[in-house]
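In: A structural model of the following input is requested.
(one chain, ligands or ions: 1)
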Amino acid sequence: MALTYQVNAVGKLDTTSSLNPKQNVSMTSEKVSVLCGEEDEALEYDDDEYDLEAFSDADLSCEDRAPGFSDSVNGVVKPRILLMGLRRSGKSSIQKVVFHKMSPSETLFLESTNKICREDVSSSSFVSFQIWDFPGQIDFFDPTFDYEMIFRGTGALIFVIDSQDDYVEALSRLHLTVTRAYKVNPDISFEVFIHKVDGLSDDHKIEKQRDIHKRTNTDLTDAGLEQIHLRCRQQHPFGSTQITEEESFYLTSIYDHSIFEAFSKVVQKLIPQLPTLENLLNIFISNSGIEKAFLFDVGSKIYIATDSSPVDMQTYELCCDMIDVVIDISCIYGMPNTEAGLPHDKDSMAIIHLNNTTVIYLKEVTKFLAMVCFLRKESFARKGLIDYNFHCFKKAIQEVFDVRVKVQQSRKLLNQRRWSKLTLTSGVCSSTH
Ligand SMILES: Nc1nc2c(ncn2[C@@H]2O[C@H](COP(=O)(O)OP(=O)(O)OP(=O)(O)O)[C@@H](O)[C@H]2O)c(=O)[nH]1
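Out: Numbers count the residues shown, from 1 in each chain. Predicted structure coming up:
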């Protein structure tokens with residue numbers, strides 16, 4: 001997919017004119033690749049669905065180890081993220097809003113999922129995983145549901161709880177899911193989305209979060225599984241919410257940015273290069289007079305890394321708004337007759353001056369990643385220095401990519417060798433029979 005749009009949006013944004021986060025421009029082109037039978041055979045479909053029974057040995061043989069970003073059958077690295085929860089808790093809506101740019105109001109018309117929907121999200125080299133959306137009524141005791149196979153290859157399990165409903169049943173289902181999954185794969189990162197919080201007051205939200213957090217961990221301790229302690233978000237003493245490293249409970253809604261921010265944290269936990277990226281961002285901001293920098297996957301508005309200073313929701317929301325502005329402007333005024341895809345290319349950049357002397361600076365890093373920085377107007381006077389440091393940062397990121405590609409290639413080669421050895425041995429066996 002060639003990206004030939006050019007975006008050089010430079011303008012002033014008044015913070016009082018807030019942008020509607022629900023007006024997203026459709027611009028991603030996600031693909032679904034289905035691994036079928038043979039090792040290197042990957043078919044591509046647009047959104048497909050699979051029966052529980054369809055998870056045959058072929059799938060199992062594909063990913064029967066704990067996944068990493070460097071693990072897969074055809075050499076492409078795809079950790080699994082499972083979306084589980086009771087019926088109508090909002091699983092499909094989350095997936096559609098975050099990865100398909102569906103407007104939240106359209107999710108009202110989504111039909112209930114009755115099969116597992118599996119999708120590849122491969123928008124950048126760093127953001128590359130599979131999402132499996134499970135139907136609400138899944139039964140662990142159903143013999144056709146091979147949960148061992150599913151959990152064995154899973155990186156993160158997101159359990160969605162409808163906060164507007166009674167959550168007693170959801171908590172017992174969460175407990176069952178976590179205990180089963182942990183037994184099969186203790187490396188899974190468990191994430192709980194306390195969802196649909198748009199209908200709750202701030203006090204009510206915090207109260208529910210505390211209650212769910214407490215009950216979940218009490219149930220786990222009672223079951224002798226205190227080692228799976230799920231952590232809660234820290235509330236800053238001055239009211240703002242700070243995002244902590246190890247949290248597992250997120251207050252989410254598809255009607256604001258909370259769902260994107262929560263997904264960002266889930267995805268970050270699956271990126272092995274995260275400390276390197278964070279370190280590079282720290283070096284970059286400290287040498288450039290920048291206050292905060294994010295590395296964004298432009299298509300999904302997931303931030304894959306930021307420097308080590310705390311993130312507050314307002315800053316994150318401003319970044320999302322800026323990306324929307326850039327994409328909207330480039331969709332309207334970008335080069336015509338280009339292929340469908342991200343209207344974002346290597347020359348993309350945008351500068352927004354807020355009326356409180358803050359400048360937000362967006363610059364392309366790779367064709368799918370962009371850096372969004374916050375800095376004071378005075379620091380922006382040294383734009384030349386910032387651009388030079390950014391150039392060095394970009395080079396360093398490229399090196400991280402290169403190392404990853406090399407590791408992937410050598411793993412693929414190793415797999416192929418093992419595979420040919422195996423077929424050779426079985427060929428020798430059958431010929432001696
Ligand atoms: N208020 C509110 N409603 C939401 C939110 N997310 C989803 N919904 C609504 O919840 C309903 C159920 O959403 P789905 O995404 O179909 O739920 P699901 O968990 O996939 O349901 P099953 O496929 O039956 O398992 C829809 O009407 C959505 O519009 C949210 O954040 N806030």
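
In: leaving aside the residues next to it on the chain, what's closest to the residue positioned nearest the centre of the chain?
Out: Closest to where the C-alpha atoms of the chain average out (C-alpha atoms, centre = their mean) is Val267, at 3.8 Å. Sequence neighbours aside, Ile302 is the residue nearest to Val267 in space, at 5.4 Å (criterion: C-beta to C-beta, 6 or more residues apart in numbering). The way it works is simple: take the backbone N, C-alpha and C, and place the C-beta from them, glycine included.

In: Let me see the contact set for that neighbour.
Out: Counting by C-beta atoms under 8 Å, 6 or more residues apart in numbering, Ile302 touches Val98, Val127, Phe260, Phe263, Ser264, Val267, Phe296.

In: quick one: the spatially closest residue to Gly199 that is not a sequence neighbour from Glu399, how far?
Out: Take Gly199 and drop its neighbours on the chain: the residue closest to it by C-beta to C-beta, 6+ apart is Gln164, 5.1 Å away. When distance is defined by C-beta to C-beta, to the nearest Å, Gln164 is 47 Å away from Glu399.

In: Likewise for Glu378?
Out: For Glu378, the distance to Glu399 - C-beta to C-beta - is 32 Å.

In: Then Leu176?
Out: On the measure of C-beta to C-beta, Leu176 and Glu399 end up 45 Å apart.

In: Do I have it right that the residue nearest to the centre of the chain meets Ser128?
Out: No - the pair Val267 / Ser128 is not scored as a contact, 9.7 Å apart, by C-beta atoms under 8 Å.

In: in which helix or strand would I find the residue nearest to the centre of the chain?
Out: helix 258-268 (DSSP states H and E).

In: who's in contact with that helix?
Out: By C-beta under 8 Å, 6+ apart, helix 258-268 touches 81, 94, 97-98, 127, 129, 156, 158, 189, 191, 193, 197, 243, 247, 250-253, 274, 300-305, 313, 316, 320.

In: and those residues near the ligand, which?
Out: Ser253 (C-beta under 6 Å from any ligand atom).

In: ChimeraX command to pick out the buried ones of the contacts of helix 258-268?
Out: Buried subset of the contacts of helix 258-268, written as a ChimeraX selection, criterion 16 or more other C-beta atoms under 10 Å:
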select :81,94,97,98,127,129,156,158,189,191,193,197,243,247,250,251,252,253,274,300,301,302,303,304,305,316,320
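
In: where exactly do the helices run in the stretch 201-350 of the chain?
Out: 202-222, 258-268, 274-288, 313-333 (DSSP state H, counting those that start in this stretch).

In: Can you redo those helices as TSV, where the extra columns are mean pLDDT?
Out: Below are the helices of the stretch 201-350 of the chain laid out as TSV (pLDDT from 0 to 100):
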stretch	mean pLDDT
helix 202-222	89
helix 258-268	91
helix 274-288	93
helix 313-333	87
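
In: pLDDT score assigned to the spatially closest residue to Thr358 that is not a sequence neighbour?
Out: Closest residue to Thr358 apart from its sequence neighbours, by C-beta to C-beta, 6+ apart: Phe374 at 6.1 Å. The per-residue pLDDT reported for Phe374 equals 95.

In: Check which helices and strands the longest helix along the chain sits against.
Out: Longest helix of the chain, by residue count under DSSP state H: helix 383-432. In terms of contacts (3 or more C-beta pairs under 8 Å, 6 or more residues apart in numbering; DSSP states H and E), helix 383-432 is packed against helix 274-288, strand 369-376.

In: Mind listing residues that contact the longest one?
Out: Contact with helix 274-288 is made by 126, 268, 271, 290-293, 295, 304-308, 373, 375, 379, 382, 385-386, 389-390, 392-393, 396-397, 400, as judged by C-beta under 8 Å, 6+ apart.

In: Can you tell me which of these are buried?
Out: Of those, these count as buried by 16+ other C-beta under 10 Å: 126, 268, 271, 290, 292-293, 295, 304-307, 373, 375, 379, 386, 389-390, 393, 396-397.

In: residues from the stretch 51-200 of the chain in reach of the ligand?
Out: 85, 87-93, 107-108, 110, 112-113, 135-136, 195-196, 198-199.

In: Which members of these are positioned in strands?
Out: Using DSSP state E, the subset of those located in strands is Gly85, His195.

In: Using ChimeraX, define a selection of the buried residues within the residues of the stretch 51-200 of the chain next to the ligand.
Out: In ChimeraX syntax, the buried subset of these is picked out as below (16+ other C-beta under 10 Å):
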select :85,89,90,91,92,93,107,113,135,136,195,196,198
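
In: what residue ranges in the stretch 51-200 of the chain are flagged as low confidence?
Out: For the stretch 51-200 of the chain, the stretches flagged by pLDDT under 70 are 51-77, 123-125, 141.

In: quick one: the strands in it?
Out: 80-85, 116-122, 128-133, 154-162, 189-195 (DSSP state E, counting those that start in this stretch).

In: what are the pairing partners of the second one, and which direction each?
Out: Looking back up the chat, that one is strand 116-122. Sheet pairing of strand 116-122 (DSSP bridges) gives strand 48-50 (antiparallel), strand 128-133 (antiparallel).

In: List the contacts of the last one.
Out: When contacts are taken as C-beta under 8 Å, 6+ apart, the neighbours of strand 128-133 outside the stretch itself are 69, 76-83, 91-92, 95, 99, 113, 116-122, 150, 155, 267, 270.

In: from those, which would you call buried?
Out: Here, 16+ other C-beta under 10 Å leaves 69, 77-83, 91-92, 95, 99, 113, 116-122, 150, 155, 267, 270 buried among those.

In: which parts of stretch 357-372 are buried?
Out: 358-372.

In: Could you do stretch 406-421 as well?
Out: Those would be Gln408, Arg411, Lys412, Asn415, for stretch 406-421 by 16+ other C-beta under 10 Å.

In: Any chance of JSON lines for these, columns distance to Asp211 and pLDDT?
Out: Converted to JSON lines, those look like this (distance: C-beta to C-beta, whole Å; pLDDT from 0 to 100):
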{"residue": "Gln408", "distance to Asp211": "44", "pLDDT": "72"}
{"residue": "Arg411", "distance to Asp211": "44", "pLDDT": "76"}
{"residue": "Lys412", "distance to Asp211": "47", "pLDDT": "76"}
{"residue": "Asn415", "distance to Asp211": "47", "pLDDT": "77"}
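
In: Tell me where the stretch 301-433 of the chain is predicted with low confidence.
Out: Using pLDDT under 70, the stretch 301-433 of the chain drops low at 335-346, 422-433.
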